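Visitor: Let me see the structure of the following:
(chains A and B)
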Amino acid sequence: MRLLSKQLIVSLLFGLSSFYSSSVLSDENQVNEEAEFTQPTQLSDIDRSGGFLKLGFGYNIVTNPYNDEENGMSLFLNARYQWESQVFVEAAFYRVLNSGINIGYNFYNTERWNFDLVTNIAHGANETGFIDQGKVFYKKSDITRMAALRTTGSFDKTTVQFVVAPYSFNDEYDNALYASVWIDQSFQVKNWELYAAFGLEYRSEDMLDYYYGIEADRATDNFKAYNPSSGIDTTAELGASYPINNKWLFETYYRYTRLADSITDSPIMQFASTLESRSKNMTELGILVSYVF
Amino acid sequence: MKTIVKNKKSNILINKMILSLMTTAMLFVTSVHAEQNEVVLTLEVDPEQCVSIVQGDDCYVDVKVTWLSKQTHDYCLFTSQESEPLQCWNNQTQGQLTKEFVSNKNITFYLKRHPSKEIVAEEVLEMAWVYKKNGRSHASWRMF
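Guide: Modelled structure (predicted):
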């Protein structure tokens, strides 16, 4: 299993670098053909230092199998600050696949691509407990924070991001591996910006077993032993933004995540998804106004 | 002696105030041309700014252009986008035009006398944006 994981990491890294090389080559061809505003600039480390902050306030509805439906007024945050040392901290909670607060090191850049070593939340904490026919079932799983290699390509209206996370800070299980790909394409309709984003997230077998598996000695009549295989979540997000002025935006988005079969097939998740105010997969709807600093 | 000095200072102060008031008045009354024959003309563009999401994107805006003159004459309205006039008025003291414009650069509106093509007033429609475009990811569009 460990050997297989290592081979997979090497394959993904090789795939990433191959894609990067071919993209850079095709990118160089495109540069001369592009107009004034899409001309990329080669920035120095000092130029790259600085921050970005967008604060939003609005309404969102979140449904998933993990918690009861949440709906109400909410704050929205997308922020990043990078020092001249190329260390950065970022907090992103929408229009990204890997949300959360992360720190990283921006170790290499080309005109179109940024390469980062970054922390990544591969899976949130879980706590499950119930009594089935007199037998107590309880399972608590901590957050899996990982060290990841991330590359982000920024093109005219397209952003592509690859993440490979081979190292886990969660020492409760071995062979954690996370990988993701995300593509975001925006379109302009009058002064509206519409976008469609699509992403895939791979989680290794051992990671999913840590969260969704049921060991034989814990199994009950209704929650039989379960050993999930690795799985891929699929996420799609649609959104729209409209500039109220050059500081304020009206924004709305809808996000749907289809969880991997190896997750939804878990007896724990099958039970959770039948509970009132929960769903089999994950959805999020947001409508907000945001201020760009 | 002291009084004289004070009076001189007062004069300088009054002069400065008058100068400031005149400058302020000139700033508030945009594109007003006081010509030799005392023709006063105003040109207004509403809105004064068009905001797109990303720098360099085309910005779409319905613009209302209004001009007003104290003297009847033939006038034509031009923009920096094209050499042909948007509209001409014959023997008028005022005019108005509403039109949709699409641009990613500032548009200057010129009111010219016809047929001399002398520019008698001009006003700029500014292009603005939320995210500065620099070929980087969305998360670093506006740096500070």
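Visitor: Low-confidence stretches in chain B?
Guide: B:1-40, B:134-144 (pLDDT under 70).
Visitor: And the residue of it closest to chain A?
Guide: For chain B and chain A, the shortest gap (Cβ to the nearest Cβ) falls at B:G56, measuring 2.6 Å. In short, each C-beta sits where N, CA and C put it, glycine included.
Visitor: Next up, the contacts around A:Y94.
Guide: Contacts for A:Y94 (Cβ atoms under 8 Å, 6 or more residues apart in numbering or on different chains) come out as A:F76, A:N78, A:Y253, A:R255, A:E284, A:G286.
Visitor: Redo those residues as a markdown table? Include pLDDT.
Guide: What follows is the contacts of A:Y94, written out as a markdown table (pLDDT from 0 to 100):
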| residue | pLDDT |
| --- | --- |
| A:F76 | 93 |
| A:N78 | 91 |
| A:Y253 | 96 |
| A:R255 | 96 |
| A:E284 | 96 |
| A:G286 | 96 |
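Visitor: List the single closest residue to A:W192 in space, sequence neighbours excluded.
Guide: For A:W192, ignoring the flanking residues on the chain, the nearest one in space by Cβ to Cβ, 6 or more residues apart in numbering or on different chains is A:Y242 at 5.3 Å.
Visitor: any idea which element the one you found lies in?
Guide: Element membership of A:Y242, judged by DSSP states H and E, is strand A:231-243.
Visitor: So what are the sheet partners of that strand and their directions?
Guide: Within its sheet, and counting by DSSP bridges, strand A:231-243 is paired with strand A:192-203 (antiparallel), strand A:248-258 (antiparallel).
Visitor: With mean neighbour count and distance to B:S52 added, can I get the ones you listed in TSV?
Guide: Below are the strands paired with strand A:231-243 laid out as TSV (neighbours: other Cβ atoms under 10 Å in any protein chain shown; distance: least, Cβ to Cβ, whole Å):
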stretch	mean neighbour count	distance to B:S52
strand A:192-203	19	8
strand A:248-258	17	11
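Visitor: So B:N90 is in contact with B:C76, correct?
Guide: No - at 9.8 Å, B:N90 does not count as touching B:C76 under the criterion of Cβ atoms under 8 Å.
Visitor: Touching both of these two, which residues are there?
Guide: Joint contacts of B:N90 and B:C76 (Cβ under 8 Å, 6+ apart) are B:H114.
Visitor: quick one: contacts for A:F223?
Guide: A:D132, A:F137, A:I214, A:P267, A:I268, A:F271.
Visitor: Mind doing that once more with 10 Å?
Guide: Neighbour list for A:F223: A:128, A:130, A:132-133, A:135, A:137, A:139, A:214, A:266-268, A:270-271 [criterion: Cβ atoms under 10 Å, 6 or more residues apart in numbering or on different chains].
Visitor: Next, the nearest residue to A:R278 once chain neighbours are set aside: secondary structure please.
Guide: Nearest residue to A:R278, sequence neighbours excluded (Cβ to Cβ, 6+ apart): A:P65, at 5.2 Å. Of the three states, A:P65 takes coil under DSSP: H, G, I helix; E, B strand; the rest coil.
Visitor: Can you give me the distance of A:P65 to A:R48?
Guide: Distance, A:P65 to A:R48, using Cβ to Cβ, to the nearest Å: 40 Å.
Visitor: Correct me if wrong: the residue nearest to A:R278 contacts A:F271.
Guide: Yes - between A:P65 and A:F271 there is a contact at 9.2 Å, judged by Cβ atoms under 10 Å.
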